[in-house]
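Q: A structural model of the following input is requested.
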Amino acid sequence: MPYRPTPRRSLRISVNALQLSGSIALGLWLGFLAIALTCWLAWRFLFDQQLAPVAQAVQQLAKPPSTESAASNRMFEQYQENLRKNEQQQALDNARSNLRNQSNPKCQFWLQQDQTAPSEKSRANVLQFCD
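A: Prediction:
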């Protein structure tokens with residue numbers, strides 16, 4: 001069987017500019033309405049008065065209040081102050097129990113001063129003059 005090509009049919013497309021422009025305009029308008037409706041529903045869902053307590057709880061969980069931050073800051077400073085005082089007290093106890101300090105008159109003087117009238121100056125001098 002010999003191959004016989006079939007004649008090609010031509011497809012005539014007629015473009016009506018007015019109809020094409022109208023269809024594009026309608027598509028754009030419907031797209032805009034769909035976006036606007038979606039945004040309105042999302043706004044209503046997220047910020048509705050019925051969901052306000054939930055939204056506030058989520059915001060509180062996301063951002064801790066500054067009062068807790070100040071309280072924790074104050075507690076940390078108090079912790080550091082207690083550490084410093086404990087280290088200083090341990091250094092004073094070591095100075096009192098060190099036998100080499102028993103023969104040092106300046107150290108003995110400031111140890112006595114710190115024992116009778118404790119002050120920052122007497123503690124500093126004990127740490128300075130005692131080993």
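Q: helices or strands up against the one helix or strand in the chain whose mean pLDDT sits lowest?
A: Every helix and strand in the chain was compared by mean pLDDT, DSSP states H and E; the lowest is helix 52-62, with a mean of 74. Applying 3 or more CB pairs under 8 Å, 6 or more residues apart in numbering; DSSP states H and E, we find helix 52-62 packed against no helix or strand. C-beta coordinates here come from the backbone N, C-alpha and C atoms, glycine included.
Q: next SSE after it?
A: helix 66-97 (DSSP states H and E).
Q: and the helix or strand just after that next one with helix 66-97, angle?
A: Scanning forward in sequence from helix 66-97 by DSSP H and E, the next helix or strand is helix 105-116. Interaxial angle, helix 105-116 versus helix 66-97 (axes from the mean of the first three to the mean of the last three CA atoms, to 10 degrees): 130 degrees.
Q: in helix 105-116, what's buried?
A: Buried positions in helix 105-116, judged by neighbour count with 16 or more other CB atoms under 10 Å: 107, 110, 111, 113, 114.
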